[in-house]
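Participant: Have a look at this prediction, sequence included:
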Amino acid sequence: MSIKIGDKVRFLNSVGGGIVRCFRGKDQILVEDEDGFEVPALIREVVVVGEGNMQVHSSNKPKVQVPVDVPVSKPEPEEKIKETPEGERLNLYLAYLPVDPKSIQQTGYEAYFVNDSNYFLFVNYMSRLNNSWISRYNGLIEPNTKIFMEEFGKHDLNDLERLCVQLIAFKKDKPYSLKNAASVELRLDIVKFYKLHCFMENDYFEDDALLYPIIRADLPEKELLVSATELQEAMQQKVRDDRRTPQTILKKKENNSSVLEIDLHIHELLDNTNGLSNADMLNYQLEKFHEVLAQYANHKGQKIVFIHGKGDGVLRKSIEKELKTRYKQYYYQDASFREYGFGATMVTIK
């Protein structure tokens, strides 16, 4: 590992870190923490975290006994906070980066909080455990700062599916616009952590990251968890809209007016899928499948092409299961490979 004087580092075996001030021999360095104390550390027990991007979580930092022969430097004067016009609105994110992107199936991850605003933040980052919450990080985050919160492995992903962030924003020693205290719950899509393409280029890290917005332009993100009642209301509203504009769902084939084409891709059925899990979306697609077959149950000889896409094959298998059990009287086959590839099934009403 290449470490230079002036680098910001994080301790691997304890909470905290700081700036490298000097070397002591080949294997040891002195790290100046946020309180101005120089702490000795082995080079192999620290990791460089980047320029000006790390903040030490002082509330949990262990007490370190400084040897008497190590000179103690005075704390530097506090730097004046640099504000930006766009920073007057809160833009806050959770960010997740793979430790080793080249080994995405085995690697662990780093979690960061991004404070893209001119405000200090009191933050509590929690995960759900049964009917309770566990605080995974809490502390004060400075303006226009991204801060490392924790490192976790694949085995921890299930514990991170349900998250909550609570925060209070303020400025020190100056007037500011009042921001409402916020509590935002969200659900992580665990599958994305296994797919390298889900980690995207962004404005906050040199490496690709998975970003989850908490607040954008002062507006907290809507909670991504929906109740069964809300889901049912959304489905009923979509049914009403479909009746008014059926052409968005049912399209006549130009070359054969007797064949109906039904696109079951979720973005064709719903304008907004926020809050819907994969299971919720699959259930909605199957509801549409049943609805169409019920509508044309008396149209003997009617041919209907259901476009389900290739994907992971989950929707295709679910449709085939329904046809083999609930609709045994209907004939079905793969639709034209030339037109749909392996992404459609044609059903003939008998």
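Facilitator: Cool, got the structure.
Participant: What count of nearby residues applies to the nearest residue to residue 342 once chain neighbours are set aside?
Facilitator: Distance criterion C-beta to C-beta, 6 or more residues apart in numbering; nearest residue to residue 342, sequence neighbours excluded, is residue 310 at 5.1 Å. From N, CA and C alone the C-beta is placed, and that goes for glycine too. Residue 310 is flanked by 12 other residues according to other C-beta atoms under 10 Å.
Participant: try residue 49
Facilitator: Neighbours of residue 49 under the rule other C-beta under 10 Å: 19.
Participant: What of residue 116?
Facilitator: Applying other C-beta under 10 Å, I find that residue 116 has 20 neighbouring residues.
Participant: Same question for residue 33.
Facilitator: With other C-beta under 10 Å as criterion, residue 33 counts 18.
Participant: Model confidence score at the nearest residue to residue 120 once chain neighbours are set aside, please.
Facilitator: Counting by C-beta to C-beta, 6+ apart, residue 120 lies nearest to residue 170, which is 5.6 Å off, once chain neighbours are set aside. The per-residue pLDDT reported for residue 170 equals 96.
Participant: Now do the contacts for residue 170.
Facilitator: 119, 120, 122, 176, 179 (C-beta atoms under 8 Å, 6 or more residues apart in numbering).
Participant: Find out how far stretch 263-276 is from the centre of the chain, if you would.
Facilitator: The chain centroid and the centroid of stretch 263-276 are separated by 19 Å, computed with C-alpha atoms, centre = their mean, to the nearest Å.
Participant: just to revisit the earlier point, can you tell me which of the contacts of residue 170 has the largest number of neighbours?
Facilitator: Ranking the contacts of residue 170 using other C-beta under 10 Å puts residue 119 first, with 25 neighbours.
Participant: How about that one, nearest residue that isn't a chain neighbour?
Facilitator: residue 169 (4.0 Å).
Participant: quick one, helices of this structure?
Facilitator: 228-244, 266-269, 278-295, 314-325, 337-340 (DSSP state H).
Participant: ok, of the ones you listed, where does mean pLDDT dip lowest?
Facilitator: Ranked by mean pLDDT, these end with helix 228-244 at the bottom, a mean of 60.
Participant: Tell me how many other residues surround residue 106.
Facilitator: 10.
Participant: and if you look at residue 289?
Facilitator: Residues lying near residue 289 (other C-beta under 10 Å) number 23.
Participant: so how far is residue 260 from it?
Facilitator: 13 Å (C-beta to C-beta, to the nearest Å).
Participant: And for residue 342?
Facilitator: 20 Å.
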